[in-house]
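# Here's a sequence, model it:
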Amino acid sequence: MDCANGLTFCAVSVKAHMSGKQLPRVVSHAEWEAAPQMDGSTALRTVVGRVSGSLPTVAALGRTQYKLQVVPEPPVSAREMETSLRWALSASNGAALEDCNLAWLPIPTAEQLPARPRQIYAVLTPTAELTAQMAAWRESGLRPKVVDIRETALRNLAAALERPGEGLALVSADAFGVSMVFTFQGALYLDRFIEQPLAELRAAEGEARTRMHERIAQQLLRSVDVISRNYPFITLLRVLVAPMPEDLGLQDYLADHVPQQAPLQVLPLDLNEIFDLSRVPELADSSAMQARSLVALGAALRSPRAA
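Down below sits the predicted model:
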(Lines give C-alpha, C1' and ligand atoms only; values in the text may rest on other atoms or scores of the structure.)
Protein backbone atom coordinates (compact mmCIF):
# COMPACT_ATOMS: atom_id res chain seq x y z
CA MET A 1 0.00 0.00 0.00
CA ASP A 2 1.27 3.45 -0.94
CA CYS A 3 -0.29 6.42 0.83
CA ALA A 4 1.84 9.02 -0.90
CA ASN A 5 0.18 12.25 0.14
CA GLY A 6 -3.01 11.41 2.03
CA LEU A 7 -5.12 12.02 -1.06
CA THR A 8 -3.83 9.48 -3.58
CA PHE A 9 -3.69 5.80 -2.69
CA CYS A 10 -2.44 2.70 -4.47
CA ALA A 11 -2.56 -0.90 -3.30
CA VAL A 12 -1.55 -4.25 -4.74
CA SER A 13 -1.94 -7.82 -3.54
CA VAL A 14 1.08 -9.98 -4.31
CA LYS A 15 1.49 -13.70 -3.75
CA ALA A 16 4.79 -15.54 -4.00
CA HIS A 17 5.14 -19.18 -4.95
CA MET A 18 6.50 -21.28 -2.12
CA SER A 19 9.10 -22.87 -4.38
CA GLY A 20 10.57 -19.48 -5.22
CA LYS A 21 11.06 -20.61 -8.83
CA GLN A 22 8.23 -18.50 -10.22
CA LEU A 23 7.76 -14.76 -10.13
CA PRO A 24 5.58 -13.22 -7.42
CA ARG A 25 2.08 -12.85 -8.85
CA VAL A 26 0.14 -9.60 -8.58
CA VAL A 27 -3.41 -10.81 -8.00
CA SER A 28 -5.17 -7.46 -7.58
CA HIS A 29 -4.54 -3.77 -7.98
CA ALA A 30 -6.46 -0.70 -6.88
CA GLU A 31 -5.86 3.02 -6.85
CA TRP A 32 -7.98 5.97 -5.94
CA GLU A 33 -7.62 9.72 -5.76
CA ALA A 34 -9.81 11.51 -3.25
CA ALA A 35 -12.24 13.87 -4.97
CA PRO A 36 -12.73 17.39 -3.54
CA GLN A 37 -15.94 16.26 -1.83
CA MET A 38 -14.35 13.08 -0.45
CA ASP A 39 -12.01 12.88 2.53
CA GLY A 40 -8.85 10.80 2.39
CA SER A 41 -10.18 8.09 4.70
CA THR A 42 -13.07 7.36 2.33
CA ALA A 43 -10.69 7.00 -0.61
CA LEU A 44 -8.37 4.80 1.44
CA ARG A 45 -11.27 2.61 2.55
CA THR A 46 -12.30 2.21 -1.09
CA VAL A 47 -8.81 1.05 -2.07
CA VAL A 48 -8.46 -1.31 0.90
CA GLY A 49 -11.76 -2.93 -0.02
CA ARG A 50 -10.56 -3.72 -3.55
CA VAL A 51 -7.51 -5.80 -2.66
CA SER A 52 -7.00 -8.97 -0.69
CA GLY A 53 -7.25 -8.56 3.07
CA SER A 54 -5.87 -12.04 3.79
CA LEU A 55 -2.22 -11.15 3.07
CA PRO A 56 0.18 -9.33 5.43
CA THR A 57 0.08 -5.61 4.70
CA VAL A 58 3.07 -3.35 4.18
CA ALA A 59 2.24 0.36 4.04
CA ALA A 60 4.65 2.99 2.74
CA LEU A 61 4.72 6.47 4.24
CA GLY A 62 4.65 9.64 2.20
CA ARG A 63 8.04 11.25 1.61
CA THR A 64 7.31 14.24 3.87
CA GLN A 65 6.35 12.03 6.83
CA TYR A 66 9.88 10.95 7.71
CA LYS A 67 13.52 12.01 7.48
CA LEU A 68 16.21 9.70 6.12
CA GLN A 69 19.87 10.42 6.77
CA VAL A 70 23.23 8.65 6.77
CA VAL A 71 25.08 8.69 10.10
CA PRO A 72 28.07 6.90 11.65
CA GLU A 73 27.12 3.57 13.19
CA PRO A 74 27.68 3.75 16.96
CA PRO A 75 30.20 1.10 18.08
CA VAL A 76 27.83 -0.43 20.63
CA SER A 77 25.90 -3.65 21.14
CA ALA A 78 22.56 -4.19 19.42
CA ARG A 79 20.58 -3.51 22.61
CA GLU A 80 22.39 -0.20 23.12
CA MET A 81 22.04 0.91 19.51
CA GLU A 82 18.83 2.92 19.83
CA THR A 83 19.95 4.87 22.89
CA SER A 84 23.34 5.65 21.39
CA LEU A 85 21.88 6.54 18.01
CA ARG A 86 19.31 8.86 19.58
CA TRP A 87 22.03 10.66 21.47
CA ALA A 88 24.18 11.06 18.34
CA LEU A 89 21.25 12.22 16.21
CA SER A 90 20.12 14.69 18.87
CA ALA A 91 23.59 16.22 18.87
CA SER A 92 23.81 16.42 15.07
CA ASN A 93 20.27 17.75 14.61
CA GLY A 94 20.51 20.24 17.45
CA ALA A 95 17.29 19.00 19.03
CA ALA A 96 16.06 16.21 21.27
CA LEU A 97 14.44 13.26 19.51
CA GLU A 98 12.20 11.93 22.28
CA ASP A 99 9.15 12.66 20.14
CA CYS A 100 10.42 10.75 17.09
CA ASN A 101 10.16 7.10 16.15
CA LEU A 102 13.60 5.80 15.19
CA ALA A 103 14.53 2.96 12.84
CA TRP A 104 17.74 2.17 11.00
CA LEU A 105 19.28 -0.06 8.36
CA PRO A 106 22.96 -0.83 7.76
CA ILE A 107 25.13 0.13 4.84
CA PRO A 108 27.24 -3.02 4.55
CA THR A 109 30.95 -2.34 4.20
CA ALA A 110 32.49 -4.54 6.92
CA GLU A 111 33.41 -7.37 4.56
CA GLN A 112 34.86 -5.35 1.69
CA LEU A 113 36.26 -2.35 3.64
CA PRO A 114 36.92 -3.62 7.18
CA ALA A 115 39.03 -0.60 8.16
CA ARG A 116 36.38 1.89 7.14
CA PRO A 117 34.09 3.37 9.83
CA ARG A 118 30.64 1.91 9.42
CA GLN A 119 27.59 3.94 8.52
CA ILE A 120 23.85 3.34 8.71
CA TYR A 121 20.67 4.89 7.39
CA ALA A 122 18.59 6.40 10.19
CA VAL A 123 14.86 6.93 9.68
CA LEU A 124 13.16 9.51 11.88
CA THR A 125 9.38 9.81 11.99
CA PRO A 126 7.56 12.18 14.35
CA THR A 127 5.73 9.92 16.80
CA ALA A 128 2.57 12.03 16.89
CA GLU A 129 2.32 12.02 13.10
CA LEU A 130 2.96 8.28 12.89
CA THR A 131 0.36 7.59 15.60
CA ALA A 132 -2.20 9.70 13.76
CA GLN A 133 -1.41 7.91 10.50
CA MET A 134 -1.80 4.49 12.10
CA ALA A 135 -5.15 5.55 13.59
CA ALA A 136 -6.36 6.75 10.19
CA TRP A 137 -5.28 3.47 8.62
CA ARG A 138 -7.08 1.39 11.26
CA GLU A 139 -10.24 3.46 10.84
CA SER A 140 -10.15 2.65 7.12
CA GLY A 141 -9.65 -1.06 7.69
CA LEU A 142 -5.91 -1.09 7.05
CA ARG A 143 -3.73 -2.75 9.68
CA PRO A 144 -0.15 -2.78 8.42
CA LYS A 145 2.19 -5.48 9.64
CA VAL A 146 5.11 -3.28 8.56
CA VAL A 147 5.40 0.47 7.95
CA ASP A 148 7.95 1.05 5.21
CA ILE A 149 9.57 4.02 3.50
CA ARG A 150 9.76 4.78 -0.18
CA GLU A 151 13.50 4.32 -0.58
CA THR A 152 13.47 0.75 0.71
CA ALA A 153 10.45 -0.11 -1.42
CA LEU A 154 12.34 1.07 -4.51
CA ARG A 155 15.44 -0.75 -3.26
CA ASN A 156 13.45 -3.99 -3.29
CA LEU A 157 12.68 -3.55 -6.97
CA ALA A 158 16.30 -2.84 -7.87
CA ALA A 159 17.55 -5.73 -5.74
CA ALA A 160 15.24 -8.12 -7.57
CA LEU A 161 17.03 -7.31 -10.84
CA GLU A 162 20.65 -7.26 -9.68
CA ARG A 163 23.08 -9.61 -11.36
CA PRO A 164 25.77 -11.42 -9.34
CA GLY A 165 28.59 -9.06 -8.41
CA GLU A 166 26.81 -6.05 -9.91
CA GLY A 167 25.50 -2.88 -8.35
CA LEU A 168 22.38 -1.36 -9.86
CA ALA A 169 20.86 2.11 -10.13
CA LEU A 170 17.11 2.64 -10.40
CA VAL A 171 15.64 5.96 -11.52
CA SER A 172 11.93 6.61 -11.04
CA ALA A 173 9.60 9.60 -10.99
CA ASP A 174 6.34 10.61 -9.36
CA ALA A 175 4.31 13.79 -9.24
CA PHE A 176 6.80 15.45 -6.89
CA GLY A 177 10.21 14.54 -8.23
CA VAL A 178 12.77 12.02 -9.38
CA SER A 179 14.15 9.29 -7.10
CA MET A 180 17.41 7.41 -7.51
CA VAL A 181 18.44 4.38 -5.48
CA PHE A 182 21.73 2.49 -5.77
CA THR A 183 21.88 -1.10 -4.51
CA PHE A 184 24.38 -3.91 -4.16
CA GLN A 185 23.64 -7.43 -2.92
CA GLY A 186 20.16 -6.30 -1.98
CA ALA A 187 21.29 -3.41 0.25
CA LEU A 188 20.66 0.30 -0.20
CA TYR A 189 23.94 2.20 -0.50
CA LEU A 190 22.81 5.58 -1.78
CA ASP A 191 19.58 7.45 -2.41
CA ARG A 192 18.88 10.75 -4.10
CA PHE A 193 15.68 12.72 -4.55
CA ILE A 194 15.42 15.64 -6.97
CA GLU A 195 12.48 17.93 -6.38
CA GLN A 196 11.18 18.30 -9.90
CA PRO A 197 7.37 18.47 -10.00
CA LEU A 198 5.97 16.54 -12.91
CA ALA A 199 3.71 19.47 -13.79
CA GLU A 200 6.75 21.70 -14.36
CA LEU A 201 8.43 19.10 -16.58
CA ARG A 202 5.19 18.67 -18.51
CA ALA A 203 4.82 22.42 -19.03
CA ALA A 204 8.42 22.95 -20.10
CA GLU A 205 9.26 22.84 -23.78
CA GLY A 206 12.39 22.89 -25.89
CA GLU A 207 15.47 24.18 -24.07
CA ALA A 208 13.62 24.51 -20.75
CA ARG A 209 12.80 20.80 -20.69
CA THR A 210 16.33 19.94 -21.84
CA ARG A 211 17.76 21.90 -18.88
CA MET A 212 15.56 19.89 -16.51
CA HIS A 213 16.74 16.66 -18.10
CA GLU A 214 20.35 17.87 -17.82
CA ARG A 215 19.87 18.53 -14.11
CA ILE A 216 18.63 14.99 -13.54
CA ALA A 217 21.42 13.48 -15.64
CA GLN A 218 24.09 15.43 -13.77
CA GLN A 219 22.71 14.32 -10.42
CA LEU A 220 22.78 10.74 -11.65
CA LEU A 221 26.41 11.06 -12.79
CA ARG A 222 27.44 12.72 -9.52
CA SER A 223 25.80 9.88 -7.61
CA VAL A 224 27.62 7.30 -9.72
CA ASP A 225 30.85 9.11 -8.84
CA VAL A 226 29.96 9.01 -5.14
CA ILE A 227 29.44 5.25 -5.38
CA SER A 228 32.75 4.82 -7.22
CA ARG A 229 34.73 6.82 -4.65
CA ASN A 230 33.07 5.60 -1.47
CA TYR A 231 32.25 2.00 -2.39
CA PRO A 232 34.95 0.88 -4.87
CA PHE A 233 33.85 -2.74 -4.52
CA ILE A 234 30.57 -1.91 -6.30
CA THR A 235 30.61 -2.18 -10.08
CA LEU A 236 27.78 -0.18 -11.64
CA LEU A 237 27.05 -1.20 -15.21
CA ARG A 238 23.35 -0.53 -15.60
CA VAL A 239 20.90 2.24 -14.83
CA LEU A 240 17.27 1.15 -15.02
CA VAL A 241 14.65 3.81 -15.64
CA ALA A 242 11.24 2.89 -14.28
CA PRO A 243 8.00 3.53 -16.16
CA MET A 244 7.04 7.20 -15.92
CA PRO A 245 3.66 8.76 -15.17
CA GLU A 246 3.97 10.41 -18.59
CA ASP A 247 6.43 10.03 -21.45
CA LEU A 248 8.30 13.32 -21.17
CA GLY A 249 11.52 12.15 -22.77
CA LEU A 250 13.63 11.48 -19.67
CA GLN A 251 14.36 7.84 -20.53
CA ASP A 252 15.54 8.77 -24.02
CA TYR A 253 17.61 11.71 -22.77
CA LEU A 254 19.44 9.63 -20.17
CA ALA A 255 20.02 6.80 -22.65
CA ASP A 256 21.51 9.24 -25.17
CA HIS A 257 23.67 11.33 -22.83
CA VAL A 258 24.74 9.33 -19.77
CA PRO A 259 26.78 6.69 -21.68
CA GLN A 260 28.77 9.52 -23.27
CA GLN A 261 30.14 10.43 -19.82
CA ALA A 262 30.18 7.12 -17.93
CA PRO A 263 30.44 3.44 -18.92
CA LEU A 264 26.80 2.74 -18.14
CA GLN A 265 23.88 1.22 -19.98
CA VAL A 266 20.61 3.08 -19.48
CA LEU A 267 17.73 0.67 -19.93
CA PRO A 268 13.99 0.65 -19.22
CA LEU A 269 12.81 -1.22 -16.14
CA ASP A 270 10.49 -4.05 -17.14
CA LEU A 271 8.23 -5.02 -14.25
CA ASN A 272 7.49 -8.29 -16.03
CA GLU A 273 10.98 -9.38 -15.02
CA ILE A 274 10.00 -9.03 -11.33
CA PHE A 275 6.29 -9.86 -11.24
CA ASP A 276 3.74 -12.03 -12.96
CA LEU A 277 1.23 -9.41 -14.11
CA SER A 278 -1.05 -11.78 -16.03
CA ARG A 279 -3.90 -11.40 -13.49
CA VAL A 280 -3.90 -7.60 -13.75
CA PRO A 281 -3.86 -6.77 -17.49
CA GLU A 282 -4.77 -3.14 -16.81
CA LEU A 283 -1.51 -2.80 -14.87
CA ALA A 284 0.50 -4.82 -17.39
CA ASP A 285 -0.65 -2.59 -20.23
CA SER A 286 -0.25 0.86 -18.66
CA SER A 287 3.14 2.46 -18.04
CA ALA A 288 1.47 5.35 -16.22
CA MET A 289 -0.31 2.97 -13.86
CA GLN A 290 2.92 1.07 -13.27
CA ALA A 291 4.65 4.35 -12.38
CA ARG A 292 1.95 5.15 -9.82
CA SER A 293 2.22 1.61 -8.42
CA LEU A 294 6.01 1.35 -8.09
CA VAL A 295 6.23 2.00 -4.35
CA ALA A 296 3.31 -0.29 -3.55
CA LEU A 297 4.86 -3.05 -5.66
CA GLY A 298 8.26 -2.60 -4.06
CA ALA A 299 6.78 -2.60 -0.57
CA ALA A 300 4.93 -5.82 -1.37
CA LEU A 301 8.27 -7.55 -1.98
CA ARG A 302 9.01 -7.11 1.72
CA SER A 303 6.00 -9.22 2.69
CA PRO A 304 6.90 -12.62 4.15
CA ARG A 305 4.82 -14.20 1.37
CA ALA A 306 6.52 -12.22 -1.38
CA ALA A 307 10.07 -11.71 -0.16
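
# name the helices or strands packed onto the helix or strand of the chain with the lowest mean pLDDT?
Lowest by mean pLDDT, DSSP states H and E among the helices and strands of the chain is helix 40-48, with a mean of 78. Other elements packing on helix 40-48 under the criterion 3 or more CB pairs under 8 Å, 6 or more residues apart in numbering; DSSP states H and E are strand 8-15, strand 25-33, helix 127-139. In this view, the C-beta of every residue, glycine as well, is placed from N, C-alpha and C.

# Please work out the average pLDDT along the first one.
When you say that, I think you mean strand 8-15. Mean pLDDT, computed over strand 8-15, is 89.

# out of everything not next to it in sequence, what's closest to residue 116?
Leaving aside its sequence neighbours, residue 116 sits nearest to residue 109 (CB to CB, 6 or more residues apart in numbering; 5.4 Å).

# hey, where'd the strands end up in the stretch 151-300 of the chain?
With strands called from DSSP state E, counting those that start in this stretch, the stretch 151-300 of the chain shows them at 167-173, 177-184, 187-195, 236-241, 265-268.

# Now do the same for residue 34: its pLDDT.
We have a pLDDT of 60 for residue 34.

# so where is the protein shaky, pLDDT-wise?
Across the chain, the ranges flagged by pLDDT under 70 are 5-7, 18-20, 34-40, 94-96, 303-307.

# Tell me where the longest helix sits in it.
Identified as the longest helix of the chain according to DSSP state H is helix 206-230.

# Pull the residues that contact that helix.
The contact list for helix 206-230, computed with CB atoms under 8 Å, 6 or more residues apart in numbering, reads 167, 169, 171, 178, 180, 182, 189-190, 192, 194, 196, 200-201, 204, 234, 236, 239, 248-250, 253-254, 257-258, 261-262, 264.

# Give me the buried subset of those.
For the contacts of helix 206-230, a neighbour count by 16 or more other CB atoms under 10 Å gives the buried set as 167, 169, 171, 178, 180, 182, 189-190, 192, 194, 196, 201, 234, 236, 239, 248, 250, 253-254, 257-258, 264.

# Make sure residue 145 is actually in contact with residue 137.
No: look at residue 145 against residue 137 with CB atoms under 8 Å: they stay out of range, at 11.6 Å.

# follow-up on the earlier one: now tabulate the helices and strands packed on helix 40-48 in JSON lines and tack on mean neighbour count and distance to residue 294.
As requested, the helices and strands packed on helix 40-48 are exported to JSON lines (neighbours: other CB atoms under 10 Å; distance: least, CB to CB, whole Å):
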{"stretch": "strand 8-15", "mean neighbour count": "24", "distance to residue 294": "9"}
{"stretch": "strand 25-33", "mean neighbour count": "19", "distance to residue 294": "12"}
{"stretch": "helix 127-139", "mean neighbour count": "14", "distance to residue 294": "20"}
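
# want to throw the ones you listed into TSV with distance to residue 54?
What follows is those, written out as TSV (distance: least, CB to CB, whole Å):
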stretch	distance to residue 54
strand 8-15	9
strand 25-33	10
helix 127-139	17
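
# Go through the ones you listed and name the closest to residue 298.
Nearest to residue 298 among the helices and strands packed on helix 40-48 is strand 8-15; the distance by CB to CB comes to 9.9 Å.

# partners of the closest one, with directions?
strand 2-3 (antiparallel), strand 25-33 (antiparallel) (DSSP bridges).
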